[in-house]
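**Student:** fold the following and give me the result.
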Amino acid sequence: MPKYIEKADIMTLPVIPLRGVVAFPLIPVSFEIDRDISKAACNAAEEGDACVLLVTQTDIGCEHPKRSDVYRIGCAARIKQSLRTPEDSIRVIAEGFARAEIISWRENENYIIANVMAKSFELNEEPDVKIEAAMRALLSSLERRIDSGRVSRDVFTTAKTIRSPGTLCDFLASSVLLRYQNKQLVLNEFDPVRRLALTAKLIEGETELLEAEAMIHGRVRASLSESQREHYLREQLRVIREELGDDVEDDVEEYKKKFKKIVMPKEVRQKLLKEVSRLQQTQIGSPEATLLRNYLDTCLELPFDRQTADRVDIAVAEKILNDDHDGLKEVKERILEYLAVKQLSPSLRHQIICLVGPPGTGKTSIAMSIARALKRKYVRVSLGGIRDEADIRGHRKTYIGAMPGRIINALIQVKVKNPLILLDEIDKLTRDAHGDPASALLEVLDAEQNKNFRDHYIEFPFDLSNCMFICTANTLETVPRPLIDRMEIIELSAYTRAEKLSIAKNHLIPKQCKRHGLDRRRFVIREDAILEIIDYYTREAGVRNLEREIASLCRKAARQIVTQNKKSSIITAADIKSYLGGRKVIPEHISSVDEVGVVNGMAYTETGGDLLKIEAVVMDGTGKLELTGSLGDVMKESAKLAISYIRAHAKSLGVDPDFYKNKDIHLHVPEGAVPKDGPSAGVAILCAITSALSGRPVRSDISMTGELTLTGSVLPIGGLKEKTSAAYAAGVRRILIPKDNEADLEKIDGVVRDGAQFILMSSASDALREVFAQRSRPLLMHIPTPELPRTQALADDIPSAPVRAPYKNA
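**Tutor:** Okay, the predicted model is just below:
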């Protein structure tokens, strides 16, 4: 007789009753649970060692099984994976490790617990000749069923590799036997040898039964007409589906009805109806059926034929834009031009607009106002930090958890096909091994291609040409050039002091009063208080920090009204310190005396403009040039270029021609921790070094900006509005700018343009003549109000302005 090893262990396990499914040791099993007691048992197991008792019900129709409603023998199993489905059921994958006989059974508040005797019963040696012969006979019987199509070739191939008779029986019972009652008979048998004979008998019996059934069905079908045969098959299918509780037929008909009702391209309808047919042929509860349902539900939500009508009244649209925002004239004009052209040419394709400017300058909020002015639905798609192309194009639907990309999701969200879509922070896109999302956006933002935008998930082209896209960015440096070429760039400059005051009075204070429940008649912030906050508590290009400080005033005023029973609160400049503490910003101003080697330059940053002091010192040495102040490569080259220009024109500049042999020059730009770079400080560097070498002081009431060439020409620069606003706020009243930037004077703030004298220069000699000129009157000391941030990230890297005739009136 064969020798056995029997292992037994008493265990206490949560119970999951199964309907029509039998679990076996060492065989993975997949099933779906939707009853509360089963879900609770699954959760309890996963909180512990993931072990459960899987036991089959004797009656699959019983909803609340008792001890008498399940078989005596079950399978102790370990949960490998559980996944909650959209229908609120749980898809479980488990693997048995032992047969288990129920000893006792009790119900707690949420689930069933059983004490079981877990047994494993296997041979302790290689199968003898008789067992080997029985296993071969079983496999031969199995091979007969392959020819009839009842067993797959993969099952037979796997069975031939199994050497243990007990495991072979369990595998064949789970894979081949059709009736769960027969499977339970195999599970009940602990002895591997007796189990082998039983399995062979059951497989042979089912094979004979299936053959007889096939013969009878063949005779019946042969005697039926075509119409009777179709009716017979449909009735048989209906009964089977009713027995299984499968309502997929109803779902299929519902999907077909909805897709035929929606107006969509013919090829898209054919594609979706084909997917519906696939669902009809898919087994209920299978992962593929769930994927298909999710896919079809997503496609049903797409706005193929739903859109809103644009507002064509230009006057109303202009009023909405002006009411919502101060300034931003160029953006508003562009939208009103679009409306005008739309009236003349309704089929006009949308131009992609990209708003570029410092943080807090209203890029996102103006997009919302544009949507309101056009009477379009608005949806925002945040692109900051996206590094996967699938976030734009979607994942292929064959993957578990696949979903459409952000563009298609945005359309599903607003439920119309012509919304205004804001692509926010387009300059924050990154790329890695998962692809380049910026490249995926090329198709979205191309007016010639987005009519057939293809998302990987929906797998058919969708028309985006009716959407209006507006992008935002803080800088274009990180945006790929092909993407820039597809967009119309509109630059938003930093707000001036007057613009900030107007925004605070008309928008920020009313908004914060409403948010904090304050009555405008009882809570008043005087204009001088607003200016105090702008000048001494914020230093920014936009108005975000200004809004935060106003919100802080509202909170403190609200507390006083509640706790001190104050009837009203009027805040003046003198009150700001008691509300917000001491001043947070140190005002920057020009020197009161002319100094040798010290020049006022101007810088442009992503957050606005700033006064850029440049200092040069000359000492005895061997001709070394020392550069400090965290200067970038371009500024270092500007310094070397200035040295070469001075050497070439030393006599006319009143400089020792041999200075490069016996003098060391140290050039420094203060605030050394702040990186600085760009070409527009070239003229200022030249004047500082020339002053230091010649010993002549530079006028402190002058600031300058311009790129210097080796021949002494002055090239145009960008960011003039921000630079001049910062210089004016620091007390500068004479500003040297390149002659080719004359056209930009129209964009400069009116207060600065009227209060300062602008001197156009086309060569280095023009700048040197001005900075070394005698004053016509003593310097009037001006303590300015700061306007923009002090951080100088860039001296200049903005595209130059167009060239025009000289500006006559400074």
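
**Student:** leaving out chain neighbours, which residue sits closest to Phe31?
**Tutor:** Excluding its sequence neighbours, the residue lying closest to Phe31 (Cβ to Cβ, 6 or more residues apart in numbering) is Val21, at 5.2 Å. For glycine as for every other residue, the C-beta is placed from the backbone atoms N, C-alpha and C.

**Student:** let me fix that, I meant to ask about Ile717.
**Tutor:** Taking Cβ to Cβ, 6+ apart as the measure, Ile717 lies nearest to Ser680, with 4.0 Å between them; neighbours along the chain are not counted.

**Student:** count the neighbours of the one you found for me.
**Tutor:** Ser680 has 33 neighbours, counted by other Cβ atoms under 10 Å.

**Student:** which pLDDT value belongs to it?
**Tutor:** Reading off the per-residue confidence, Ser680 sits at a pLDDT of 90.

**Student:** distance of it from Leu720?
**Tutor:** Noted for Ser680: a distance of 10 Å to Leu720, by Cβ to Cβ, to the nearest Å.

**Student:** overlap in contacts, the two.
**Tutor:** Between them, Ser680 and Leu720 share the neighbouring residues Thr705, with contact defined by Cβ atoms under 8 Å, 6 or more residues apart in numbering.

**Student:** quick one: buried residues of the helix or strand Lys661 falls within?
**Tutor:** Of the helices and strands defined by DSSP states H and E, Lys661 is found in helix 659-662. By neighbour count with 16 or more other Cβ atoms under 10 Å, helix 659-662 contains the buried residues 659-660.

**Student:** pull the CA atoms of the next helix-or-strand element following that helix into PDB?
**Tutor:** On the C-terminal side of helix 659-662, the nearest following helix or strand under DSSP H and E is strand 663-668. As requested, C-alpha coordinates have been extracted for strand 663-668 and formatted as PDB (Å, rounded to 0.1, in the frame of the first residue of the first chain):
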ATOM      1  CA  LYS A 663      45.200  97.700 -12.900                       C
ATOM      2  CA  ASP A 664      42.900  95.100 -11.500                       C
ATOM      3  CA  ILE A 665      39.200  95.700 -11.900                       C
ATOM      4  CA  HIS A 666      36.500  94.300  -9.500                       C
ATOM      5  CA  LEU A 667      32.900  94.400 -10.800                       C
ATOM      6  CA  HIS A 668      30.200  93.500  -8.300                       C
END
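
**Student:** what sits up against strand 663-668?
**Tutor:** Under the contact criterion Cβ under 8 Å, 6+ apart, strand 663-668 has outside partners 614-629, 639, 643, 656, 685, 688-689, 692-693.

**Student:** filter those to the buried ones?
**Tutor:** 614-618, 625, 627, 629, 639, 643, 685, 688-689, 692-693.

**Student:** where does this structure have its least confident helix or strand?
**Tutor:** Lowest on mean pLDDT, DSSP states H and E among the helices and strands of the chain sits helix 226-244, with a mean of 62.

**Student:** residue ranges with poor pLDDT in this protein?
**Tutor:** Within the chain, the ranges that satisfy pLDDT under 70 run 1-6, 121-127, 147-150, 212-214, 216-250, 283-285, 433-434, 606-607, 774-810.

**Student:** make it 50
**Tutor:** Counting by pLDDT under 50, the low-confidence segments of the chain come to 1, 777-810.

**Student:** how's it carved up into domains?
**Tutor:** Domain segmentation of the chain under automatic domain parsing yields 4-123, 129-220, 228-301, 314-491, 497-534+542-580, 595-771.

**Student:** turn these into JSON lines, including distance to His589.
**Tutor:** As requested, the domains of the chain are exported to JSON lines (distance: least, Cβ to Cβ, whole Å):
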{"stretch": "domain 4-123", "distance to His589": "65"}
{"stretch": "domain 129-220", "distance to His589": "85"}
{"stretch": "domain 228-301", "distance to His589": "60"}
{"stretch": "domain 314-491", "distance to His589": "23"}
{"stretch": "domain 497-534+542-580", "distance to His589": "15"}
{"stretch": "domain 595-771", "distance to His589": "5"}
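
**Student:** so which of those domains is the most surrounded?
**Tutor:** domain 595-771 (a mean of 20; mean count of other Cβ atoms under 10 Å).

**Student:** and the end-to-end length of that one?
**Tutor:** Across domain 595-771, the straight-line distance between its terminal residues is 11 Å, by Cα to Cα, to the nearest Å.

**Student:** give the other helices and strands that the biggest strand by length in the chain contacts.
**Tutor:** Identified as the longest strand of the chain according to DSSP state E is strand 90-107. For strand 90-107, the packing partners by 3 or more Cβ pairs under 8 Å, 6 or more residues apart in numbering; DSSP states H and E come out as strand 4-18, strand 28-33, helix 36-47, strand 51-56, strand 73-84, strand 112-123.

**Student:** residues touching the residue nearest to Ile717, list them.
**Tutor:** 602-604, 705-707, 717-718, 795-796.

**Student:** and it, which of the three is it?
**Tutor:** When states are read from DSSP: H, G, I helix; E, B strand; the rest coil, the local structure at Ser680 comes out as coil.

**Student:** same thing with Met368?
**Tutor:** Three-state assignment for Met368 (three-state DSSP): helix.

**Student:** am I right that it is in contact with Tyr378?
**Tutor:** Yes. Using Cβ atoms under 8 Å, Met368 makes contact with Tyr378 at a distance of 5.6 Å.

**Student:** which neighbours do those two share?
**Tutor:** Taking Cβ under 8 Å, 6+ apart as the contact rule, the neighbours common to Met368 and Tyr378 are Leu422.

**Student:** how about the contacts of Ser680 in a markdown table, adding secondary structure?
**Tutor:** What follows is the contacts of Ser680, written out as a markdown table (three-state DSSP):
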| residue | secondary structure |
| --- | --- |
| Met602 | strand |
| Ala603 | strand |
| Tyr604 | strand |
| Thr705 | coil |
| Gly706 | coil |
| Glu707 | strand |
| Ile717 | coil |
| Gly718 | coil |
| Ala795 | coil |
| Asp796 | coil |
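
**Student:** contacts for the helix holding Lys661, please.
**Tutor:** 618, 620-623, 643, 646-647, 650, 656, 693.

**Student:** just checking the distance from it to the centre of its chain.
**Tutor:** 58 Å (Cα atoms, centre = their mean, to the nearest Å).

**Student:** could you work out the end-to-end span of stretch 30-40 for me?
**Tutor:** As for stretch 30-40, its first-to-last residue distance stands at 18 Å under the measure Cα to Cα.

**Student:** show me what contacts Thr724?
**Tutor:** Contact criterion Cβ under 8 Å, 6+ apart gives 602, 609, 735, 737, 748-749, 752, 756, 758 as the residues in contact with Thr724.

**Student:** what's downstream of the helix or strand hosting it, the next helix or strand?
**Tutor:** With elements taken from DSSP H and E, the one containing Thr724 is helix 720-729. Proceeding N to C from helix 720-729, the next assigned helix or strand is strand 734-738, under DSSP H and E.

**Student:** quick one: strands adjacent to that next one?
**Tutor:** Partner strands and pairing direction for strand 734-738 (DSSP bridges) are strand 702-704 (parallel), strand 757-761 (parallel).
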